[in-house]
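J.: give me a 3D structure for the following:
(4 chains)
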Number of protein chains: 2
Amino acid sequence: MGYVPAIAAGRRGRAALSRCLGSESHVMRVSAKADYAVRAAIELAAAPDPPVKRDQIAEAQAIPVKFLENILGEMKHAGLVQSQRGAEGGYALARDPTEITLADILRVTDGMLASVHDIRPQDLRYEGLSEPLQTVWVALRASMRTVLEEVTLADLVAGRLPREVKDLAASPDAWNSQ
Amino acid sequence: MGYVPAIAAGRRGRAALSRCLGSESHVMRVSAKADYAVRAAIELAAAPDPPVKRDQIAEAQAIPVKFLENILGEMKHAGLVQSQRGAEGGYALARDPTEITLADILRVTDGMLASVHDIRPQDLRYEGLSEPLQTVWVALRASMRTVLEEVTLADLVAGRLPREVKDLAASPDAWNSQ
DNA sequence: TGCTTTCTTGATTGATTTAGTATTGAATGC
DNA sequence: GCATTCAATACTAAATCAATCAAGAAAGCA
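T.: Sure thing, here's the model as predicted:
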């Protein structure tokens, strides 16, 4: 039901694989800001002798300095990072690296982890046929959390990812095209 | 290393849980366009007697008509949908609903499923400390695919989601806050 | 007290994207 | 020929992204 093998004897059913370029949204989009935030946090987690100066972080990770300044400010407000002004100043983590997950950082820079039409999955109100969609979006977010809530800064610095994450990255087509 | 319990004896380490409102990007963001596309496709999959007219779909799913027109055009170009002009015209799926997954639809409306700074996870080039991050983003995309590549239009119309998806949605905090 | 270094804050920018709307045109069936 | 329906393109207003700029405040040192 709902599917007609060839509507009106589709005699020119070409592939039309076009899909030129054009950027568009991407369902999962880690913004430059979020990526920078994570990398800056890794730098702080690995620092042998904090606090680390803004310019040091920016250089080590190739992040635009003034942009990094904004990002560190937000992370400080969120309580992930501490700062110290003055000649001996800089930034340091406010919590142990084993206690900071990627999800913690991404929630600071990107707000909520997941949204549909800017609404959180659990707040959606679908009616009729599309009702089961809500459960799908909730499950999708849950699947992301199995990665983002598990990986800590300590894991990243040690280069030792949780088994579950390694398994996912090792799954058949994980490194292929789309 | 990298973490100082209280920088300079942090005597005002308040929570500062601010984080007012402001929208921002959201790591996973299903756009209005993508959501509309999926719901329109569900409508087509469920239609007892295709083709279905654009206005019918728009009304059934409360989608702005002219916007839906664009979306259906893209889906047609991508080969997901067929159309028929004229008084008896409308749209129909071009493939069996069991052969169209959510990932298929989202790739049409949103381009690639996942990106970091607009680069596909497997094309990232991290150096030094942030090197392990690439594996994490690849794993994150893989985890999303475990949902999006499994759910078909037929599943949605039948209201019967794959076991794996139901399990994810039933996991402890799946329906909570963030 | 100055002076330098560093973080702090808020405003501003330009390019791009989102979510639509409008217009004109082409096919189909009666 | 005419109503109905899809088709293609171009436009727009608002928001967002990735940055940059400027003025200031705190800490340490001479």
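
J.: the spatially most central residue of chain A pairs with what?
T.: Centroid check for chain A by C-alpha atoms, centre = their mean gives residue A:30 as the closest residue, at 4.4 Å. Beta-bridge pairing for residue A:30 (DSSP bridges): residue B:116.

J.: how close does residue A:164 get to residue A:50?
T.: Relative to residue A:50, residue A:164 is positioned 30 Å away (C-beta to C-beta, to the nearest Å). Glycine gets a C-beta too; all of them are placed from N, C-alpha and C.

J.: neighbour count winner among the two?
T.: residue A:50 (19 against 14; other C-beta atoms under 10 Å in any protein chain shown).

J.: which other helices and strands does the helix or strand harbouring residue A:145 contact?
T.: Using DSSP states H and E, residue A:145 maps to helix A:133-148. With contacts defined as 3 or more C-beta pairs under 8 Å, 6 or more residues apart in numbering or on different chains; DSSP states H and E, the packing partners of helix A:133-148 are helix A:102-110, strand A:114-116, helix A:163-169, strand B:28-30, helix B:32-46, helix B:133-148, helix B:163-169.

J.: so does that helix get close to DNA strand C?
T.: No: contact of helix A:133-148 with DNA strand C (C-beta under 7 Å from any atom of the strand) is absent, the minimum separation being 14.4 Å.

J.: ok, residue A:64 to residue B:120 distance?
T.: Taken as C-beta to C-beta, the span from residue A:64 to residue B:120 is 22 Å.

J.: between those two, which has more neighbouring residues?
T.: More neighbours surround residue B:120 than the other of residue A:64 and residue B:120, with 17 against 12 (other C-beta under 10 Å).

J.: phi first, then psi, for the nearest residue to the more buried one once chain neighbours are set aside.
T.: Counting by C-beta to C-beta, 6 or more residues apart in numbering or on different chains, the nearest residue to residue B:120 once its immediate chain neighbours are dropped is residue B:112, at 5.9 Å. Taking degrees, to the nearest 10, you get phi -80, psi 160 for the backbone angles of residue B:112.

J.: neighbours around residue B:112, how many?
T.: Neighbours of residue B:112 (other C-beta under 10 Å): 21.

J.: could you list the low-pLDDT ranges of chain A?
T.: For chain A, applying pLDDT under 70 flags the ranges A:1-23, A:178.

J.: quick one: distance of the helix holding residue A:145 to the chain centre.
T.: 14 Å (C-alpha atoms, centre = their mean, to the nearest Å).

J.: buried set for the very next helix or strand once past it?
T.: The C-terminal neighbour of helix A:133-148 among helices and strands, as given by DSSP H and E, is helix A:153-158. Neighbour-count burial for helix A:153-158 flags A:153-157 (criterion: 16 or more other C-beta atoms under 10 Å in any protein chain shown).

J.: quick one: list the elements packing against helix A:153-158.
T.: Partner elements for helix A:153-158 (3+ C-beta pairs under 8 Å, 6+ apart): helix A:32-46.

J.: CA atoms only for the helix it packs on, dumped as CSV, please.
T.: Extracted C-alpha coordinates of helix A:32-46, given in CSV (Å, rounded to 0.1, in the frame of the first residue of the first chain):
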residue,chain,number,x,y,z
ALA,A,32,33.7,24.6,14.8
LYS,A,33,32.9,26.1,18.2
ALA,A,34,32.2,22.7,19.8
ASP,A,35,35.2,21.1,18.2
TYR,A,36,37.4,23.9,19.4
ALA,A,37,35.9,23.6,22.9
VAL,A,38,36.7,19.9,23.1
ARG,A,39,40.2,20.3,21.8
ALA,A,40,40.9,23.2,24.2
ALA,A,41,39.6,21.0,27.1
ILE,A,42,41.9,18.2,26.0
GLU,A,43,44.8,20.6,26.0
LEU,A,44,43.9,21.6,29.6
ALA,A,45,43.5,18.0,30.7
ALA,A,46,46.9,17.1,29.4
